Each structure stands twice: as C-alpha cells, then as structure tokens.
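>>> Turn this into a model:
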Amino acid sequence: MPPPFRRHQQPAVPPNAPLRRERELRGIVERIVYTSDDGTFQVVRFKVEGEKALLTLAGNLPGVAAGEPLHAKGEWKHHRQHGPTFEVESYLPILPDDPEMIAAYLGSGLVKGVGPSYAKRVVSHFGEETLDVLDAAPERLAEVKGLGRKRAEAITQAWLEHRQTHEVMMVLARYGLSPALARRLFRHYGADAAGVLKSNPYRAGTEVHGIGFATADRIAAGLGIEKDSPDRIGAALAHLLVQASDDGNTWVARETLIEKAVELLGLEAQAVEDVYRAEVARARQYREVALPEGQQAVFLNGLYLSESGTARLIAGLLAEARALVPAGVDKKIDAFEKKYRFTLAPQQRDAIRTALRGGVTVITGGPGTGKTTLVRALLHVVEDAKIRVGLCSPTGRAAQRLSETTHHPASTIHRLLKYNAQLRKFTHGPESPLPLDLLIVDESSMLDIPLSYHLIGAIKAGTAVVFVGDADQLPSVGPGNFLRDLIASGRPPTVRLNVIFRQASRSLIIVNSHRVNEGRMPTIDKQDDGSEPDFFFVERKTPEEAREALVEVVSKRIPRKFGLDPVTDVQVLAPMRRGDLGTGELNRMLQMTLNGERGGIVGGTPFAVGDKVIQNSNNYEIEVFNGDVGKIVSVSREAATFRVLFGKRPVEYRWDEADQLSLAYAVTIHKSQGSEYPAVVILLHTQHFVMLKRNLLYTAITRGKKLVVLIGNRRALRLAVEQDAGDERCSALRYWLARPPDEGRLPGM
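Numbers count the residues shown, from 1 in each chain. Below is the predicted model:
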C-alpha cells in the first residue's frame, strides 16, 4: 500500500514517445525516482504547466525535492529505462505563476503548515494572485472559508520564512550552488549567507558541512580570486587536514601535507611553504609539533588540544588514584559466583582487584572472554559500599545492551555529560565534574579523541575509571586511536582477557571471530562437533548472484528457518556504500522487497513509512547521534514533518532535515560498531577489494548475537582474513601518555 504522504502519481510520458526539442522547461518536481549513493545525481518526474503526462528529468540535481519549482536547461535524450529524458545541464529555483502549480507548490510540504487541502482552499480563492497576497496582504487569508485565524497566522509566518529562504537561494544559485547546499548556507548564516559567500567563499567551505574546498574554490574562481591567493592556499591546507581527520588521523606529516597541497592547488611548493609558515606562526587553525619519533606533525588546533589534553587528564587521574575499598572483596566475588553459578577466570578476578585500586584501568578481550561478566561482578562487589557508579557507552544501542546485561542504568556519553544545545557545550566538565566514584565505559574502541577529551575532562580527581573494549575491532569513526594508544602507551594497567569460556566455545560465531582475528580462515563447512548452527557461508561468485541471494536470505530463508523479523532482527552489513554491492544499492533492493514501493520525503530521499533509517551525524538538539537506528512511523504533510522511533523514543524531524538520515536495511560495517543484532548478513566480494581487512571482517562477525550469514566468494573471504590492517592511523596519544607526568609539560605543550 502506498504511504499516505505520497503525491498522486500522474502517468509519465511513454518510453516510446518521440523526443521533444525544447531546451528549457519550467515546472514543478512531482516526485523523486532515483538518487545516487552520493546524493548528487537524481532522476525526477516533472510537472509542466498545461500537460497531463509527467516528464522525466535527470542530471546533477543534488537536494532537489518533491514540490520544488525549477527552471531547467538541457537537452532531450532517450534513456533505455526511462524513455525520453531531459538531461539537465543547469537549473534555478523559481516561483510558480499558474494556479495549479501554485497549489502543488504550497501543498508539497516546502512551506511548513500548508498541506494539500489548505493549499487548494487558498489557491481556489485567490487563483494566480495567491503568492502576491501572501507577500503583500497576508491578512486576506481570513477570507478563505474554514481556514481559521491561528492557521492563517501560522501560514503567514511560514511563508515569510520560506520566502526569505527562497530569495537568498536565488542569489546563491548564481554561484552554482544546489538548493540543498543553499539551504544549508542559509540555515548557518541566515540572511548574510550571500554576503559571506561573496566576501570569502573559503570560509563557507570550512564552516558549512557539504560545501567543501572544491565548491568554494569554484566559486572563488568565478569571483576572480587569484590561484596563489593566501586565502586559497590556507583553505587548501585546512581542507587537507580536515580530510585526514575524516580518515581517522589526528595529524599529518608536514612533508605530506605540503606535497598534497601543491598537487591540489597546482602551484609551486615555495608559494605553499610561505603561506604554511605564516599560518603556523599565527596558529589560527593548525600547528606544527615535533613528535618523539622525529616526525614534524601538523595538527588542527582542536585535535591537538583534544589529544594532548586527553593525555594530560589521564596522567592526572593516574597520579591521584584513590583505592575503592569495599569490605570483603573476595567473599563478594565468591557470592557472585555462587549466585550466578559461574566461576570467574583468574584474569577476571585480577581485573576486579586492579579496577578497585582506582585511577584508570583498561580491560580488553574478544567475544566470549567474559568482559560483560566481569563488569557484572565488579558492580556486585561495590553495590553495598556506598560507591557512586556510572555506566556509559558511545552509542545508544551499546548503552541499552549494557543496561540490559548488567541490570544497572547506563547511558550514552552525550547524555551522561548532559549536552546543552542552547550553550552548545556539555553541562559536565572541569568546572562541574560528574558526581561519581567509579565510571565504567563500555565499547571503548569506539571512542574518538574529541569525545574522550570531553568525557575525561568531566571526571574528578580520585574517580576510578574502567575502559572496557575490544582493541582488535575497527577503530572509532572519528579521529584518533584512543583505546589502542591507551594500551600501547603502557601507562594505565591493562588486563587482557583471552580465555574463551566453554559455553561460548560452542558458538561458531565466537570461534570463527577468534579464528579470523588470529589470521585463520573461519570454519564454513558443516560441523558435527556439537557446535551450534549459528554461522553459515553462502557462496555466490557474481555480484548479481550475491545480491539475489542476500535478498532471498533476508526476506525468506532467515524468517522461515529462525523466526526472525527481516527488518527489526536482521541487519545487512557491507564494507562500502557505493557500487553494485554497496549499501546504497542494497537498501534500494531491500526497501522494495520489505516495504513495498518507495515514497518521497522532501529532500529527495526515497523514504516511506515503515522504513528503517540511520542517523548520519550528531544532532544535539534532538539528542540523536551518528549511528542511531530508528523506524519512520508517521509523516505530516500539513506540518511538513515526519516522526522516527528510536527504541521507544519518538523524534520529530522537519522535511528539510531528511538529509540527516539514510536507509538502514543495509549499513556499512563501520556504522555497525557498538551495535549487536540477533542476526547479521555480511556481503563480502572481491568487488570490495580495497576495504577487505581482517579487523573489518572481525568487527562484522562480532555484531551477530544469534546468527551470522556470510554471502560472497571464498577469495574475498581469504583476502579479508589475510590482510592485517595494522596501525594505519596517525595519532599521538601513546607518545604523550608514555612520558611520565612528573617530567614537566607534555611534548609540544
């Protein structure tokens, strides 16, 4: 059944219709047919005034939304799938002047509070003068029967906001910006957006997500800014450092940075060197630091302060450690073992005693080695000792699982620190530390350096901190190598759990994850050794065969054999977003199979009610964070909003915020970090060659709780097992932690 918010679908021009000749079209986007993985290329159905059949437009239309009026230029070509197609070369947002088009425009959801029914009432009353009335005499809305004063006032206010946005977008469009990027600029700078772009386009490239250096550079060239301008060179250097941080690095070698900047800018090295030295001297955006191994490392200021600050704070916690002394520790451990009929390994007992000494403790180990049991035992030991305990994890799913397994309240780190959206800072910090005696941080491999700095900065002297995590999993999505550097430094005591408990050893998921981590091929043939049938390999050689098998396994075989829901219980994981076997293509196939036809929310994202979606960035105002997975449960065209259920918490989004979300039937393995699912289906093919690494496969397998299914070819599986990712990130925490705190300031400080 089509979702309730979809527009009425008029027929498209037949595929065999002759090609038209006009080079310009004015009309309104009726619906989105296709959006590429990177969101730039779109195919849309287009309504032109006076024509019944919808036309097909295709081209570089990033962020173009259903309901958006456009003036497009291009030429007609025949597409084998879509038939006659107008290939767009350029376009501008416009305001419609035909009553039918005005009604479609106002009722599309672009103007908040005006749905299709109200739009029809207003336009039937004012006709082609509707937009003039909204501009010059909005009080006349009172003439519309059944509208009501409050509704008329809400429509007036929404129109004024939309009109202002539209006018700024018209100016920004002259610089070649898409409506989506223009909206982002307007949200960031307001009415000053065009002025900022004109005075210094590189500022927008740095401050507004999605603009980037390439777009800013193109605009700058159009404005006549010289290629050797210090602003251009400085922006390129900052861009390369940001790009490196997006890849997980906290610093870049000076020589590498200069070399890449020369290549990017097409300039002589001396010109880049001159600007680099001037920028380093001013230290406005980045600084150069000599590391112990002889590298001249260049840091963005924020990452330098976060990483060196994290080292300083941990050194302080270690120096001011205070032991937690609950009475009768050994007796309480014995009582825990008796109550839960479980015998702790000597390593686990040692870890409890180490944590009780205070300061900072690291507990690491793979699946089945008892990390969660150890945490439960530690909580049991301190529960009657009037010790204030906090549990947290980087993601909502991980925090929920931690709470369920320990029967103790747990929260995300963001909620623990209480982010204040108005002040744009955490409530808890050095001036207002957390009122805790013991803090346990789970899934610590996911901690990046900025979040680590904020968390540790909120821990008061004397608080015992226990970082729990699997150091062999993928590192954090954000920059830094926190857990591995913590261990490599040798400063905090580290307990490595490496004994697989007997019950866990009966699971092929556990056994195979350890085999992969050791560089050995997983067991993929049927076993008769009493192990549970929870790990399967479905061999398919071609990408087409692999995709077909995946859809069948998810939609039919798993539900039929294991009784699991294909949407809520099964998570598809893939190494990459793009390509025939990327999450973009898999999501389209799974959406059509599991949720019927695709719908269309403003913003061009093909969502429908019932779709599984994932948040792509932190949104502190609504407390939804990167990697949170939810389900679209309702859409309001009148209010231009839609609601997503994250766990049991409903969150409302505006339609123009849809670009914060992506479909989540399939997600990348990186995005799955910290999450655990009843079943995971992992796609692994030689087409993913560049991403096939041991820690990637290991992380994917360890996401499955009851069932893991690998689909692909054996060569890809072997490549993933054999290629050890190593320590590929450039980070400095281990250097700075390794220097004793009584030797003065840390290197580079």
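>>> The helix or strand of the chain with the lowest mean pLDDT: what's the following helix or strand?
Sorted by mean pLDDT, DSSP states H and E, the helices and strands of the chain end with helix 502-505, the least confident at a mean of 66. Using DSSP states H and E, the helix or strand that follows helix 502-505 towards the C-terminus is helix 508-517.
>>> Following the chain past that next one, name the next helix or strand.
Next element after helix 508-517 (DSSP H and E): strand 535-539.
>>> CA-only coordinates of that following strand in PDB, if you can.
Taking Å, rounded to 0.1, in the frame of the first residue of the first chain, the C-alpha atoms of strand 535-539 are listed here in PDB:
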ATOM      1  CA  PHE A 535      27.300 -19.400  11.300                       C
ATOM      2  CA  PHE A 536      26.800 -20.000   7.600                       C
ATOM      3  CA  PHE A 537      28.600 -19.200   4.300                       C
ATOM      4  CA  VAL A 538      26.500 -18.800   1.100                       C
ATOM      5  CA  GLU A 539      28.900 -18.900  -1.800                       C
END
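>>> which helix in the protein runs the most residues?
helix 149-173 (DSSP state H).
>>> Give me the mean pLDDT for that helix.
Across helix 149-173, pLDDT averages out at 79.
>>> That helix packs against which elements?
strand 83-93, helix 116-126, helix 130-136, helix 179-189, helix 193-199 (3 or more C-beta pairs under 8 Å, 6 or more residues apart in numbering; DSSP states H and E). (Glycine included, C-beta is placed from N, CA and C.)
>>> highest average neighbour count across those?
helix 179-189 (a mean of 21; mean count of other C-beta atoms under 10 Å).
>>> for the helices and strands packed on helix 149-173, which one sits closest to R484?
Closest approach to R484 among these is made by helix 179-189 (34.9 Å; C-beta to C-beta).
>>> what angle do that closest one and strand 83-93 make?
Using axes from the mean of the first three to the mean of the last three C-alpha atoms, to 10 degrees, one finds that helix 179-189 and strand 83-93 are set 20 degrees apart in direction.
>>> So what's the model's average confidence on helix 179-189?
Mean pLDDT, helix 179-189: 77.
>>> follow-up on the earlier one: so the longest helix of the chain versus helix 116-126, what angle?
Using the same axes, to 10 degrees, helix 149-173 lies at 90 degrees relative to helix 116-126.
>>> List the buried residues for helix 149-173?
151-152, 154-155, 158-159, 162, 165-166, 168-169, 172-173 (16 or more other C-beta atoms under 10 Å).
>>> So which residues make contact with that helix?
92-93, 95, 110-114, 118, 122, 134-135, 138, 141-142, 144, 147, 179, 181-183, 185-186, 191, 193-194, 197 (C-beta atoms under 8 Å, 6 or more residues apart in numbering).
>>> Distance of the residue most central in space within the chain relative to A458?
The centroid of the chain falls nearest to N616 when counting by C-alpha atoms, centre = their mean (2.8 Å). Relative to A458, N616 is positioned 26 Å away (C-beta to C-beta, to the nearest Å).
>>> same question, S507
38 Å.
>>> And A119, by the same measure?
Counting by C-beta to C-beta - A119 and A458 are separated by 49 Å.
>>> For the residue in the chain sticking out farthest from the centre, what are phi and psi?
The outermost residue of the chain relative to its centre, with distances by C-alpha atoms, centre = their mean, is E143 at 46.9 Å. Backbone torsions for E143, taken as degrees, to the nearest 10, come to phi -70, psi -20.
>>> still on that earlier bit, adding distance to T494 as columns, could you present the buried residues of helix 149-173 in a markdown table?
What follows is these, written out as a markdown table (distance: C-beta to C-beta, whole Å):
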| residue | distance to T494 |
| --- | --- |
| R151 | 63 |
| A152 | 66 |
| A154 | 59 |
| I155 | 62 |
| A158 | 57 |
| W159 | 61 |
| H162 | 56 |
| T165 | 53 |
| H166 | 58 |
| V168 | 54 |
| M169 | 54 |
| L172 | 53 |
| A173 | 56 |
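>>> what's the burial count for D580?
14 (other C-beta atoms under 10 Å).
>>> Might one say that it is in contact with Q687?
Yes - counting by C-beta atoms under 8 Å, D580 does reach Q687; the two are 6.7 Å apart.
>>> And the pLDDT for the residue nearest to the centre of the chain?
At N616, pLDDT is 86.
>>> Note down every partner strand of the helix or strand containing L573 and its orientation.
Following DSSP H and E, one finds L573 within strand 570-574. With DSSP bridges as the test, strand 570-574 is paired with strand 666-668 (parallel), strand 677-684 (parallel).
>>> Can you say which of those strands is nearest to R729?
It is, among those and with distance given as C-beta to C-beta, strand 666-668, at 17.8 Å.
>>> so how far does stretch 577-584 reach from one end to the other?
Using C-alpha to C-alpha, to the nearest Å, the end-to-end distance of stretch 577-584 comes to 6 Å.
>>> cool, and stretch 283-292?
21 Å.
>>> What of stretch 699-707?
14 Å.
>>> distance of the closest residue to L417 other than its chain neighbours from I233?
Residue nearest to L417 in three dimensions, not counting chain neighbours: F426, with 4.0 Å by C-beta to C-beta, 6 or more residues apart in numbering. Counting by C-beta to C-beta, the gap from F426 to I233 is 35 Å.
>>> Neighbour count: the two, which is higher?
The neighbour comparison of F426 against I233 (other C-beta under 10 Å) goes to I233, with 25 against 19.
>>> Contact partners for L586?
Per C-beta under 8 Å, 6+ apart, neighbours of L586: R547, L550, V572, A574, Y665, A666, L683.
>>> Tell me the one of those nearest L486?
A574 (30.1 Å).
>>> per-residue confidence at the spatially closest residue to the closest one that is not a sequence neighbour?
Counting by C-beta to C-beta, 6+ apart, A574 lies nearest to L683, which is 4.6 Å off, once chain neighbours are set aside. pLDDT recorded at L683 is 93.
>>> can you check R703 too?
For R703, the predicted pLDDT is 93.
>>> where does it fall, phi/psi-wise?
Torsion angles, degrees, to the nearest 10, at R703: phi -80, psi -20.
>>> Now for it, how many residues are close by?
24.
>>> check contacts around it.
So R703 contacts Q571, L573, I669, S672, S675, E676, Y677, V680 (C-beta under 8 Å, 6+ apart).
>>> Looking at those residues, which is nearest F213?
I669 (28.3 Å).
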